[in-house]
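> Next come a sequence and a model predicted from it.
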Amino acid sequence: MKKAAAQTILPWLKHNGIPLGALTHHDVAALFAAVQIAELWIRGDYDYRNLSRVAFYSVVMQMQESTRHMAFHAIAHVGDWCHRPELWYEAGLSILASGYPECTFAPRRAAHYKNNPPPHHPEGHETAPKAQLRSEPG
């Protein structure tokens, strides 16, 4: 049986050249939750994706600002490199400032999106609109 992503994310980040020294115990717990939620978002339909992006935002905001980039990279651990900006912006998280380490094995295109958000990201805004829970009918 495959190990849970939370069990393999730290070695994966380290193997991809991301320094882990700044992580606190609280950051690690939030990162573990974020990678598991990212996996739900990747595998989910519209309703699950909507709920997952709200949860992803909530746990990433629990991390220190200086370690949030690790949650961005963790998305690729459970999905594809292209999922990183997609979930990040759908969740309404701030554009990552330059200067954070990039994964060693990330394609150049993914690095480009870090500073050049996809077209659906509102220009001139620091963040995408906050994820909204879809209300149930009735």
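On my side now, so go ahead.
> Tell me how many other residues surround Gly17.
13 (other C-beta atoms under 10 Å). (C-beta placed from N, C-alpha, C; glycine too.)
> quick one: contacts for it?
Pro101, Glu102, Cys103, Thr104 (C-beta atoms under 8 Å, 6 or more residues apart in numbering).
> do Thr67 as well
Ala22, Leu23, Thr24, Asp27, Leu31.
> now Ser52
Taking C-beta under 8 Å, 6+ apart as the test, what Ser52 contacts is Ile37, Ala38, Leu40, Trp41, Gly44.
> ditto for Leu31
Contacts of Leu31 (C-beta under 8 Å, 6+ apart): Ile9, Leu10, Leu23, Met63, Thr67, Met70, Ala71, Ala74.
> Make TSV from the residues you listed and add pLDDT, secondary structure and distance to Val54 to it.
Below are the contacts of Leu31 laid out as TSV (pLDDT from 0 to 100; DSSP: H, G, I helix; E, B strand; the rest coil; distance: C-beta to C-beta, whole Å):
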residue	pLDDT	secondary structure	distance to Val54
Ile9	97	helix	21
Leu10	97	helix	25
Leu23	97	coil	24
Met63	97	coil	16
Thr67	95	helix	21
Met70	96	helix	20
Ala71	97	helix	15
Ala74	96	helix	17
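> Any stretches of the protein with poor pLDDT?
97-99, 108-138 (pLDDT under 70).
> how about the helices in it?
With DSSP state H, the ranges of helices along the chain come out as 5-15, 25-43, 46-60, 68-78, 83-90, 108-115.
> May I see those helices organised as CSV, with distance to Leu96 added?
CSV is the format used below for the helices of the chain (distance: least, C-beta to C-beta, whole Å):
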stretch, distance to Leu96
helix 5-15, 15
helix 25-43, 14
helix 46-60, 11
helix 68-78, 6
helix 83-90, 8
helix 108-115, 5
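> ok, back up a step: from the contacts of Ser52, which is closest to Ser58?
Of all the contacts of Ser52, Ser58 sits closest to Ile37, with 8.8 Å by C-beta to C-beta.
> Look up how far His25 lies from Ala106.
Separation of Ala106 from His25 (C-beta to C-beta, to the nearest Å) stands at 27 Å.
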